[in-house]
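Visitor: Next come a sequence and a model predicted from it.
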Amino acid sequence: MSKILIITNHSYMLYRFRLELIRELMKTHEVVLSMPFVGHEDDFQALGIRCINTDVDRRGINPKTDLKLFCTYRKLLRDERPDLVITYSIKPNIYGGIACRLACIPYCANVQGLGTAFQRNGLAQFVTALYKLALRKANTVFFENEANAAEFRNRNILRAEKETVLHGAGINLAEYPYMPYPENDAVHFLYLGRLMKEKGTDELFAAMRRLRERCGSSVVLDVVGFCDDESCKDQLEQLVSDGIAVFHGFQADPIPYYAAADCVVLPSYHEGMSNVLLEAAAIGRPVITSDIPGCREAVEDEVTGLLCRVKDVESLYGKMCRMADMPSTVRAAMGKAAHEKIAREFDKQLVVEETIAALFG
């Protein structure tokens with residue numbers, strides 16, 4: 001039986017979004033995981049998967065730390081001798097990819113979004129050079145939207161024949177089934193995810209404050225997640241103090257919060273493919289989100305939700321006003337159409353089959 005080594009920077013995200021793919025790979029391969037142990041490693045081990053705790057500084061750019069990670073991956077490949085390596089996220093893609101290239105081990109990378117790496121000129125040039133070095137010998141590189149793949153082509157990082165564009169990670173419709181639209185006294189907007197500037201929380205909080213001034217207690221913002229920076233935390237605490245928002249903290253099971261929402265809002269600056277939008281739509285909730293790659297693919301504007309301009313409080317406020325003013329029956333119909341779109345285009349099993357075909361085709 002051949003061995004597949006999967007390298008990632010977050011065990012929780014891997015378990016939540018790639019479990020079905022890993023289970024499929026386990027049917028015909030030995031699977032080994034290299035990742036920081038930050039949640040769900042016990043669940044992976046319970047499946048019979050050997051897990052290797054590998055420290056990854058997900059955000060910092062420190063030459064010493066990154067060189068240490070590269071050396072860790074070099075040793076990992078020597079020790080494990082895998083037949084195929086699959087990497088997820090930027091540092092495993094780059095340093096794991098270079099290590100695989102030097103070791104002449106077949107590898108495939110997953111670009112789950114561009115983040116801020118290509119938005120700052122100096123950093124963009126540096127990351128482009130590293131990606132060119134890392135991905136030239138990759139068997140294929142998976143993208144979650146066509147715009148991200150085009151960015152790599154335009155930067156001459158990758159040739160088109162080495163790209164595989166998927167519908168994100170897909171959505172398991174058995175785990176996220178359609179649920180009847182709620183009968184709330186107030187219109188509940190839901191933000192679910194990490195609270196950070198790049199997710200559009202500044203715009204969301206400002207728009208929600210204006211909406212509350214306009215509509216009074218007939219609108220509420222529910223927030224589920226955790227704060228990634230202090231400014232978001234301070235703003236959220238003030239909204240809660242003013243009775244505009246309800247903070248539910250991090251929740252391992254988001255489904256009850258999607259089910260209780262009238263509309264899910266994600267005014268993000270950049271995404272690979274937003275799993276929050278896929279989950280919300282699968283359950284049958286309309287969404288408001290930024291008109292950007294990684295968000296717009298999950299929404300049919302005016303049919304399953306509303307698109308707003310990115311980084312634009314006025315645009316977001318206008319869309320939230322429209323959603324709040326709609327009859328509940330219209331919002332429910334948008335949610336039903338959202339579920340049908342997800343079932344047509346983003347079914348998890350189809351994404352798994354496409355991924356397997358690209359890995360071994």
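Guide: Nice, I can see it.
Visitor: And the helices in the chain?
Guide: All helices of the chain, identified by DSSP state H, fall at 11-26, 41-46, 63-80, 90-91, 97-103, 121-135, 146-154, 201-215, 230-241, 255-260, 275-283, 313-325, 328-345, 348-360.
Visitor: Export those to CSV and append columns for mean pLDDT and distance to Gly113.
Guide: For the C-beta atoms, the positions are set from N, CA and C on the backbone; glycine is no exception. CSV is the format used below for those (pLDDT from 0 to 100; distance: least, CB to CB, whole Å):
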stretch, mean pLDDT, distance to Gly113
helix 11-26, 93, 12
helix 41-46, 94, 23
helix 63-80, 94, 20
helix 90-91, 92, 9
helix 97-103, 97, 17
helix 121-135, 86, 13
helix 146-154, 91, 7
helix 201-215, 96, 17
helix 230-241, 88, 19
helix 255-260, 98, 22
helix 275-283, 96, 11
helix 313-325, 98, 21
helix 328-345, 97, 19
helix 348-360, 95, 16
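Visitor: Which of those helices has the highest mean neighbour count?
Guide: Highest mean neighbour count among the helices of the chain (mean count of other CB atoms under 10 Å): helix 275-283, with a mean of 27.
Visitor: Residues in contact with it: which ones?
Guide: With contact meaning CB atoms under 8 Å, 6 or more residues apart in numbering, helix 275-283 is reached by 16-17, 168-171, 173, 176-179, 190, 192-193, 254-255, 258-259, 261, 264, 266, 287, 289, 295, 298-299, 304-305, 335, 338-339, 341-343, 346.
Visitor: now swap in stretch 321-338 and tell me
Guide: Residues outside stretch 321-338 that contact it (CB under 8 Å, 6+ apart): 178, 181, 183, 187, 189, 211, 214-215, 218-219, 262-263, 280-288, 299-300, 303-306.
Visitor: Looking at the residues you listed, which are in strands?
Guide: Judged by DSSP state E, strands contain the following of those: Val187, Phe189, Val219, Cys263, Val287, Ile288, Gly305, Leu306.
Visitor: Which residues are in contact with the residue lying closest to the third one once chain neighbours are set aside?
Guide: Ranked by CB to CB, 6 or more residues apart in numbering and with sequence neighbours excluded, the top spatial neighbour of Val219 is Val187, at 5.0 Å. Counting by CB under 8 Å, 6+ apart, Val187 makes contact with Cys215, Ser218, Val219, Val220, Asp262, Cys263, Met323, Ala324.
Visitor: Kindly recompute the last result at 10 Å.
Guide: Val187 makes contacts with 211, 215, 218-221, 261-263, 320, 323-326, 328, 331, as judged by CB atoms under 10 Å, 6 or more residues apart in numbering.
Visitor: With Ser11 as the reference, measure out to it.
Guide: Per CB to CB, to the nearest Å, Val187 is found 37 Å from Ser11.
Visitor: Next: Leu307.
Guide: Taking CB to CB, one finds Leu307 at 33 Å from Ser11.
Visitor: Domain ranges for the protein, per the record?
Guide: Using automatic domain parsing, the domain parsing of the chain gives 3-170+347-360, 187-345.
Visitor: Distance to Ile52 for the helices of the chain - can I get that in TSV?
Guide: As requested, the helices of the chain are exported to TSV (distance: least, CB to CB, whole Å):
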stretch	distance to Ile52
helix 11-26	11
helix 41-46	10
helix 63-80	7
helix 90-91	16
helix 97-103	14
helix 121-135	20
helix 146-154	29
helix 201-215	35
helix 230-241	33
helix 255-260	31
helix 275-283	25
helix 313-325	43
helix 328-345	34
helix 348-360	21
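Visitor: To Lys162, which of those helices lies closest?
Guide: With CB to CB, the closest approach to Lys162 among these belongs to helix 121-135: 7.6 Å.
Visitor: That closest one versus helix 63-80: what angle between them?
Guide: With axes from the mean of the first three to the mean of the last three CA atoms, to 10 degrees defining the directions, helix 121-135 sits at 10 degrees from helix 63-80.
Visitor: Give me the residues contacting helix 121-135.
Guide: So helix 121-135 is in contact with 61, 66, 87, 90-101, 107-109, 111, 114-118, 120, 141, 151-152, 155-159, 162, going by CB under 10 Å, 6+ apart.
Visitor: Just the buried subset of those, please.
Guide: 66, 87, 90-101, 107-109, 111, 114-115, 117-118, 141, 151-152, 155, 157-158, 162 (16 or more other CB atoms under 10 Å).
Visitor: In strands, which of the contacts of helix 121-135 appear?
Guide: The members of these that map onto strands under DSSP E are Thr87, Tyr107, Cys108, Ala109, Val111, Val141.
Visitor: Among those residues, find me the one that's closest to Arg81.
Guide: Tyr107 (13.4 Å).
Visitor: Let me know whether the closest one touches Ala138 as I believe.
Guide: Yes - taking CB atoms under 10 Å as the definition, Tyr107 is a contact partner of Ala138 at 5.7 Å.
Visitor: got any residues that touch both of the two?
Guide: Here Tyr107 and Ala138 share the contacting residues Val85, Thr87, Asn93, Gly97, Cys100, Arg101, scored by CB under 10 Å, 6+ apart.
Visitor: residue contacts, the second one?
Guide: This points to Thr87. Thr87 touches 5-9, 34, 73, 93-97, 99-100, 107-111, 134-135, 138, 141-142, counting by CB under 10 Å, 6+ apart.
Visitor: looking at the sheet around it, what are its partners?
Guide: Ile7, Ala109 (DSSP bridges).
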